[in-house]
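1. need coordinates for the below:
(chains A and B)
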2 protein chains.
Amino acid sequence: MFTHDKKFSLGVKLTAIEDFKMPPRYICSFILFASICTGSARADEGMWLLNDFPAAQVEKLYGFKPSQAWLDHARLSAVRLAQGCSAGFVSGRGLVQTNHHCAEHCIEQLSTGGKNLVATGFYAKEEKDEAKCPALEVNQLIEIGDVTARVQDALAGKEGAAFAEAKRAIEAAIAAECTGGDAALRCDTVELYSGGVYNLYKYRRYQDVRLVFAPEQAIAFFGGDPDNFEFPRYDYDVSYLRVYENGKPLDTAANYFRYAAADAKPGDLTFTVGHPGSTQRLDTVAELEYDRDVSMPRSLFRLSELRGQLTEFSTKGPEEARIATGLLFGVENSLKARKGQFEALVDPAIIAAKAEAESEIREKVDADPALRADAGAAWDTIRTTLAAWRPKSNRYTFLEGRAGFNSRLFSDALALVRYPEEKAKPDAKRLPEYTDANFPILRQSLAADEPIYPELEKLTLTFSLTKLREALGPDDAFVKKVLGKKSPAELAAELIDGTKLRDAGLRRQLLEGGGPAVEASADPMIAFARLVDPDFRAIRKDYEDNTAAPLERAHTALARARFKIYGTSIYPDATFTLRISYGTVRGYMQDGKEIAPITRIAGLFERATGAPPFKLPETWIAARGSLNMDQPLNFVTDNDIIGGNSGSPVINAAGEIVGLIFDGNIQSLGGDFGFDPAVNRAVAVNAGALREGLAKVYHADRLVAELAQ
Amino acid sequence: MFTHDKKFSLGVKLTAIEDFKMPPRYICSFILFASICTGSARADEGMWLLNDFPAAQVEKLYGFKPSQAWLDHARLSAVRLAQGCSAGFVSGRGLVQTNHHCAEHCIEQLSTGGKNLVATGFYAKEEKDEAKCPALEVNQLIEIGDVTARVQDALAGKEGAAFAEAKRAIEAAIAAECTGGDAALRCDTVELYSGGVYNLYKYRRYQDVRLVFAPEQAIAFFGGDPDNFEFPRYDYDVSYLRVYENGKPLDTAANYFRYAAADAKPGDLTFTVGHPGSTQRLDTVAELEYDRDVSMPRSLFRLSELRGQLTEFSTKGPEEARIATGLLFGVENSLKARKGQFEALVDPAIIAAKAEAESEIREKVDADPALRADAGAAWDTIRTTLAAWRPKSNRYTFLEGRAGFNSRLFSDALALVRYPEEKAKPDAKRLPEYTDANFPILRQSLAADEPIYPELEKLTLTFSLTKLREALGPDDAFVKKVLGKKSPAELAAELIDGTKLRDAGLRRQLLEGGGPAVEASADPMIAFARLVDPDFRAIRKDYEDNTAAPLERAHTALARARFKIYGTSIYPDATFTLRISYGTVRGYMQDGKEIAPITRIAGLFERATGAPPFKLPETWIAARGSLNMDQPLNFVTDNDIIGGNSGSPVINAAGEIVGLIFDGNIQSLGGDFGFDPAVNRAVAVNAGALREGLAKVYHADRLVAELAQ
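-> Predicted coordinates for the structure are as follows:
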């Protein structure tokens, strides 16, 4: 699936198993990508800014020019799930359409008392049955401003720790001003073009989000891991949520996407409006090699092993299978996505093309004395900075990156320990996740009443402590401090069995009680978090001051050089902020065969077997006779998307929904590094199929009626 | 551990999870390695042939010149465990010393009726208690002959399928002549220097091998995976076996190694006599990149995931833990070894040094018209051959390489299906593992009475079928043929529950019954093997004709060029045949710290905790008061060894045992690609510690007395 693979998310389950990866940056241009794009003169490439959309170019290619009003409507109708997905309003009463897999964590959290809503699906027959998701936040982008000069001035001439501090301070100050202390607002300084541009994104933040409808996972994720990132595809990967304000459905009458009456046909113009997570399209060769040789393989080894453990854990019984579902899905999804990215990096052609593009621009920079003075050393700086970081990178990954401490209860304990400490500092000096502007999302997660499973916690904590010892060695001083004479399994059992933090009431109490309450706590997980935190902070500071800062300075210089050489009509790399891409419904060639762009409901029944993940739910088998077998079910377009775009509305020129993005094809995973219009494809559920299923399989009449308004 | 990671072994458990890897080849010279060797002018590099030992050079360096009699004695006293380890005779009555981990499979097989000899250890108080290992074969190298001209003549001018067939035929003919039909002889044509030299190795083959003594695994593998390939180290990794002939201990009075009276000291000259498995020290850059980008990562992803499954399977109960021990150990060991090799390949310095050495020799070849005509195209041939193979390599790995069919019962079924088919052909046309000369080892494995665990078989078969579907895709014709509408778990359960091949009697019956018996069998596993075999054979033939043959021709040309340019006083890459290396007891620097070359028994007790893998067995705790705490326990030398050398005797100039190789340090894993005398180290158990433990911990008086003779 195409969920955004977040690198620095806070407290979300997958964080702890994510590898350290440099933050996204760089710019991308058609010119530069021509060299690695093949097979097509028409390049529907680009994840465009809503405030800098190439409307004229779209008009030239397709005869339709989106107006500013059209773009504003798209911006206000599209929303982000702060935990890592895209979505869109689809009624005037706050109804939100996204993927099943984007709401899967909520669906799992609502499965209590012997219910397994992931397996059975969920439908609120009446509005009062809509069930509150404990930890979902919806963001609507209400304003974009420019703060480039202000940020650049604050950073001018600074290096190392001074640079990192200045950046943290200016971003906190801008956010504080922008929200004015209103917790319902969220303001992010978004760094674009590697610091060539800084924009201020002002969001309205909604934390009362309720589940309206979800199908069975067996149909949402039909084909499971084998079909994931593949096409042809037959998935009904949808869920509907509703945003509430003051206990009532949010009024979204002014901005929502209507469903189109007709299905999209091959060749139709399509737009996706969503939040691509990150791309590295203009990473330097040194960075791509670092990813290929260090970050990617280490992360894949660890994810592979965890997948094995979770797979076998799931065979222990139905309850084990149920509680492991979400995590296993996340792990398998990350694994397949990253393997696709890794395959792109070990394709000799791709790095060779990058190297060629790099020597081209280096020549140009070297030929211009001013550019050379500013950016000439940047490539070498990046290479040497990475080489210096390499021996320390495991320590970062396993400590502050949490790969050694994969436990929700540990993450909560650490946040509870850090919060009073950070709160005592001026806003501008805090770790960014603890500023007044950013803390609400972490607070929501800490305070959420949701089930936490000790057996699963023990598995992941034992696993990750074992990997910590493996990565740093049993004789490492920090490893000795953590484990003492205990085995990873003993320590994990002691901590998980001993802590009382599963109780959300206690977490809220410690959160509100602040420093004195946390200090007075005898909870073993709190004590453990306090023990390790100084080491975590030390490696984070080392990274920020001595690696992130010089890398960022070098990249900003490269960005300036690119602006000067290639001009500015280019889009920035993805940053999990709102983007719009254009394209058409379009098939592609694979292994010498033509892949048609549309699948139909009939194909779903042909592909089904009696065994998961190809087993159909009873509801679909029962409805078989009434379904329109010719109804298009899934389709592909050459819109340029990436992980994080899951849940993006696919709209036509009229701004109406024709589909719902839920995946990219396997070729699109190389999209992290460059877009190949010949084969990169976005995969969507057809809007007509969504209606067909709601009406004939689920008899969700209330929802069908609302979508028709 | 340092077990030989075999690439094409037959029916051994690990085969099915091993990745396809090009067979070992090439030559290595001091001259070429100077570029990547650092820190020392004295290079104790080299895995030398017993019939081409640089005695004069050793004399020059150390003042001792091994005579031909000394070398012959070493050759006849050292033996090979055909399943993948080294060993040595240590008494006149057929007593063999090797590692615990080399006999671990036998120790596990002997653990029946509630006994767990892996956990408890084993000691035959009297000779009659010595227990027969169901599937161990010991090989003693009795003669080395030269067949270079004969083989080269047979191959002259041949390409593709003709080359592969001619090679198979000449090797089968030579073996048949050499054994003269005597199943107690084993004759291998050993290809050295990539076909620059072919030697005929004549072994005496012993299949009645009995277990005499093994300690608890907790002390043999003290420190477990965290300490594996690390130093300082504290392991007692030994087992004693005895070779029987006609029901009586073999008379080895003429050739065995005596234990030295004194411990080896820092600086002492040491020799290891053993069977290094394979090295790739002069692979071309294209091959190293292929390993780095394709073979290694794929293998590591798969091993990591299987490790996770086995780890979790082991938590299900003590019986599950027991039956998974051996496989899990093998997987973890391969994983750590390959990760070390992978780390060497992603070290930018190593491939860069190789590239430099390669352009140096290419220049020399290009400058000489005769060399250029013969070998000038070889590097490009290798690169293009690999590029053409790359898209097919997964099919090879998962089919004939067995990564998709990881099951002992399946392997047995396939061998039973293939045997009558191959036997019907002339010896020279058979698959090599079915020739009269080679088949005895496969026959022994098929006929062995040993426990096979259905639950573990289901786990590995389900896992590997799942990976097969993942690698080739659910729409692949072969995958559809294999799975039909079943899930991997359903198919695996059906086959493992349905087959009767766990019964060794039935396997022997099918083996003796030949074609008609196998054809008449209604066993589902036999039917399944028959179903898939044509696809297995097809991809094997494709590999042999279109990949192995051109690679080998290119390498032979490169070997000729190297002989001509660098001369012939060089050693060939390792081929799991007997080699001797020289070196000294010597520490090294790691992370700026000096690592002393010797550990002592006192250190073992300091390192112990109450938790595995750092938990001492009761026997050692009980003996603590009587043990000499200053007794050296493990030590390192700069002898040049690699996987397969496990169990090698370490001898002094007097030809006496001072140690027992059981591992290499983590730096030595890069030894696959080149030897760095500054940090590559062999790790051995001290002979004095072996005696100390036998006497004071195990009170194995019979054994102590025999070793003193």
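
2. nearest spatial neighbour of the residue of the stretch 251-400 of chain A found nearest chain B, skipping sequence neighbours?
-> Nearest to chain B in the stretch 251-400 of chain A, going by C-beta to the nearest C-beta, is A:G308, at a distance of 2.4 Å. (C-beta placed from N, C-alpha, C; glycine too.) Spatial nearest neighbour of A:G308, excluding adjacent residues (C-beta to C-beta, 6 or more residues apart in numbering or on different chains): B:G308 at 2.4 Å.

3. now stretch A:377-390: how far from the chain's centre is it?
-> Here stretch A:377-390 is found 27 Å from its chain centre; the criterion is C-alpha atoms, centre = their mean, to the nearest Å.

4. er, stretch A:377-391 actually
-> On C-alpha atoms, centre = their mean, the centre of stretch A:377-391 falls 27 Å from the chain's centre.

5. go on, stretch A:412-424?
-> Centre to centre, stretch against its chain (C-alpha atoms, centre = their mean), the figure for stretch A:412-424 is 25 Å.

6. which residues are contacting it?
-> A:10-11, A:405, A:430-431, A:434, A:439, A:442, A:445-446, A:499, A:501, A:507, A:510-511, A:514-515, A:518, A:523, A:525-526, A:528-530, A:532-533, A:536 (C-beta atoms under 8 Å, 6 or more residues apart in numbering or on different chains).

7. quick check: PyMOL command selecting the buried ones in those.
-> Selection of buried members from the contacts of stretch A:412-424 for PyMOL, criterion 16 or more other C-beta atoms under 10 Å in any protein chain shown:
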select buried, chain A and resi 10+11+405+430+431+434+439+442+445+446+499+501+507+510+511+518+523+525+526+528+529+530+532+533+536
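
8. what's the burial count for the closest residue to chain B within the stretch 51-200 of chain A?
-> Taking C-beta to the nearest C-beta, chain B has its nearest neighbour within the stretch 51-200 of chain A at A:A119, 16.9 Å off. For A:A119, the neighbour count with other C-beta atoms under 10 Å in any protein chain shown is 16.

9. what does the one 3 residues further on give?
-> The burial count assigned to A:F122 is 23, neighbours taken as other C-beta under 10 Å.

10. isn't it up against A:E108?
-> No. Counting by C-beta atoms under 8 Å, A:F122 stays clear of A:E108, with 11.1 Å between them.

11. and the residue of the stretch 251-400 of chain A closest to chain B, what does it touch?
-> Contacts for A:G308 (C-beta under 8 Å, 6+ apart) come out as B:S304, B:E305, B:L306, B:R307, B:G308, B:Q309, B:L310, B:T311, B:E312, B:F463.

12. and A:W620, how far is that from A:T325?
-> Going from A:W620 to A:T325 by C-beta to C-beta, to the nearest Å gives 20 Å.

13. and A:T599, how many neighbours?
-> For A:T599, using other C-beta under 10 Å, the count is 23.

14. which other helices and strands contact the helix or strand hosting it?
-> Using DSSP states H and E, A:T599 maps to strand A:598-600. Packing partners of strand A:598-600 (3 or more C-beta pairs under 8 Å, 6 or more residues apart in numbering or on different chains; DSSP states H and E): strand A:632-637.

15. now find how far off-centre the strand it packs on is within its chain.
-> Distance, stretch centre to chain centre, for strand A:632-637: 23 Å (C-alpha atoms, centre = their mean).

16. so, in contact with chain B or not, it?
-> No. Strand A:632-637 lies apart from chain B when judged by C-beta under 8 Å from any C-beta of the partner chain; the minimum separation is 15.4 Å.

17. show residues contacting that strand.
-> Strand A:632-637 is contacted from outside by A:231-236, A:263-264, A:270, A:272, A:583-588, A:595, A:597-601, A:603-604, A:650, A:659, A:665, A:681-686, A:688-689, using C-beta under 8 Å, 6+ apart.
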